[in-house]
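A.B. asks: Build me a structure from this.
(one chain, ligands or ions: 2)
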Amino acid sequence: MVLLEKTVDVSRVVQFEEWEKLAKENIDHNAFTYIQSGAGREETLRSNEEDFRKIKLIPRYLKDVSNVCLKTNILGETLPYPFMIAPVGMQGIAHRDGELATARAANALKVPFIASTVTTYSLEEIAAELPDTIKWFQLYWSGDWEITASFLHRAEKAGYSAIVVTVDTPLLGWREKDLTNGYSPLKVGKGAGNYFSDPVFLQRLKRSPQEDSTAAAEEMIKLVLEPKLTWDDIRFIREYTSLPIIIKGILHPEDAKQALNYGVDGIVVSNHGGRQLDGAISSIEALPAIVEEIQNKIPVLLDSGIRSGADAVKALTLGADAVCLGRPFVYGLAAAGQEGVSQVLQNFIQDLKVTKSLT
Ligand SMILES: Cc1cc2nc3c(=O)[nH]c(=O)nc-3n(C[C@H](O)[C@H](O)[C@H](O)COP(=O)(O)O)c2cc1C
Ligand SMILES: O=C(O)C(=O)c1ccccc1
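C.D. replies: Ligands and ions are numbered 1, 2, ... in the order given. Next up is the predicted model:
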C-alpha cells in the first residue's frame, strides 16, 4: 500500500500564524505542543515577541535603495543574508525527513545551518546535505568527556566550521504542557541520530539500540545535559577542537564579559525561545547592554522571537550581526517539509529586503 502524505501548497503562505496553523493541522498534537510551548507560565515566550513590538523604527529617506545589500560577515565568512537556521533538535517530530529536509532548503539558499546535538539524523548525514553553505555544530556538552570529544572530532571531520556551545540548558526547563502531555521526543528516540551512531556511546551500552532502543534512549538522556559545568570547562573544548567557539544563551552583560575573558569567538543572545528560564528577559531587551559590553570584539548573534523582516532589522540595528530563526522554519518543515522551510526562508529574505529598503 502506498501512503499518500497530505501535501499542502505553501507557495502563498506568508504569515507566521498561518505557518503555525498549518503545522498544527499537519502533525501530532503532542509534538506540535512541544515545539510551540515555552517554560513555566510562558512569560518569556510572550515577551520575546511583545518586546519587538515595543521598538519602533524611524526611517530615513532619499538614500538610493535600488540595490540594498543584505550580506554580513561572521568569523571571516560572508553570509548572503543575516539569517541562520537555529539549532533545533529532534526535527523528526515535525517531518519524516527532519533535519535533512531543512538542510536541503537552507543549502539551496545558502543560509547557514546550525545542527543540534540531539538531531534525528546524524551530524554526518546532515553535513552531506550542506555542501554549499556554512554549517556549525551545536554542542550539548555531555558530562562524559569522551563522548564530548568524540562529537567534537566528528563535527570537525564532517566539515562543520564552528562549535556552538549552548549554556542555558544545564537542565531542561519546567515545560508545563509537555509535563501534562507526558511527552518527551528524546524518550521515543527522535533525538538519537548522533548518540546512536557514536562509537564511544555505543561502547557504553550493554545492549545495542537495535536490541533495546528504550534502554539506549534512557542511557542517552542521562548524558545529554550536564548541570556541573562551569566557565572553566570551556578550556576542555578549546583543547579538543581548533574550531571557533560560540556561546549560545547569553542574556547578562557580565556573562558577555566572561565570554570575552575566556576567549570565545562569538555569542548568541538567546533565551532558548522561552523554553528554559521563564521570567527571563527577552533577547531583544537584553541585546543593547551586551553589544555595549562586547564592543565589536566578537560577533553577536540573536535569536528568540524573530518573526518578520522588521524584527530582524530591529535586532541588526541594535547591534546584532545576524539572527537565527527557530520556530518559523520548524513550522514550515511541519507544514510542507523542504518546500515549507524553503518558502519560510524566502519570505524572510524578501521581507528583509523590503524592510531594509524602507528604513
Ligand atoms: C523544538 C525546538 C527544539 C530546540 N532544540 C534546541 C537544541 O537542541 N539546542 C539548542 O541550542 N537550542 C534548541 N532550541 C532553541 C533554538 O535554537 C532557538 O534558541 C529558539 O528556537 C529561538 O526562539 P524562537 O523559536 O522563538 O525564534 C530548540 C527550539 C525548539 C523550538
Ligand atoms: O527542546 C529543547 O529546547 C532542547 O533544547 C532540548 C535539549 C535537550 C534535550 C531535549 C530538548
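A.B. asks: Please count neighbours and contacts with C-alpha atoms only from this point.
C.D. replies: Fine.
A.B. asks: which helix is the longest one in the protein?
C.D. replies: Once the chain is assigned using DSSP state H, the helix that runs over the most residues is helix 327-358.
A.B. asks: Quick check: residues of the protein near ligand 1?
C.D. replies: Contacts of the chain with ligand 1, taken as C-alpha under 6 Å from any ligand atom, map to 35, 86-89, 116, 118, 166, 270, 272-273, 303-306, 325-327.
A.B. asks: Out of those residues, which end up buried?
C.D. replies: With burial judged by 16 or more other C-alpha atoms under 10 Å, the buried subset of the residues of the chain next to ligand 1 is 35, 86-89, 116, 118, 166, 270, 272-273, 303-306, 325-327.
A.B. asks: which sections of this structure are below the confidence cut-off?
C.D. replies: Applying pLDDT under 70 to the chain flags residues 1-7.
A.B. asks: And the strands in the chain?
C.D. replies: 72-74, 77-79, 83-85, 113-115, 135-139, 163-166, 245-250, 266-269, 300-302, 322-325 (DSSP state E).
A.B. asks: Given the fifth one, what are its sheet partners and their directions?
C.D. replies: When pairs are called by DSSP bridges, strand 135-139 turns out to pair with strand 113-115 (parallel), strand 163-166 (parallel).
A.B. asks: List the buried residues in it.
C.D. replies: 135-139.
A.B. asks: okay, these in CSV with distance to residue 198 next?
C.D. replies: Below are these laid out as CSV (distance: C-alpha to C-alpha, whole Å):
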residue, distance to residue 198
135, 20
136, 18
137, 15
138, 16
139, 14
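A.B. asks: Would you point out the most distant pair within those residues?
C.D. replies: Taking C-alpha to C-alpha as the measure, the buried residues of strand 135-139 span a maximum distance of 13.0 Å, between 135 and 139.
A.B. asks: wait, isn't residue 324 in contact with residue 84?
C.D. replies: Yes. Using C-alpha atoms under 8 Å, residue 324 is in contact with residue 84, at 4.6 Å.
A.B. asks: Would you mind finding the most buried of the strands paired with strand 135-139?
C.D. replies: Highest mean neighbour count among the strands paired with strand 135-139 (mean count of other C-alpha atoms under 10 Å): strand 113-115, with a mean of 26.
A.B. asks: Just give me how far that strand sits from the chain centre.
C.D. replies: 7 Å (C-alpha atoms, centre = their mean, to the nearest Å).
A.B. asks: Please apply the same query to stretch 159-167.
C.D. replies: Distance, stretch centre to chain centre, for stretch 159-167: 11 Å (C-alpha atoms, centre = their mean).
A.B. asks: neighbouring contacts of that stretch?
C.D. replies: Contacts to stretch 159-167, defined as C-alpha atoms under 8 Å, 6 or more residues apart in numbering, come from residues 127, 134-141, 152, 243-250.
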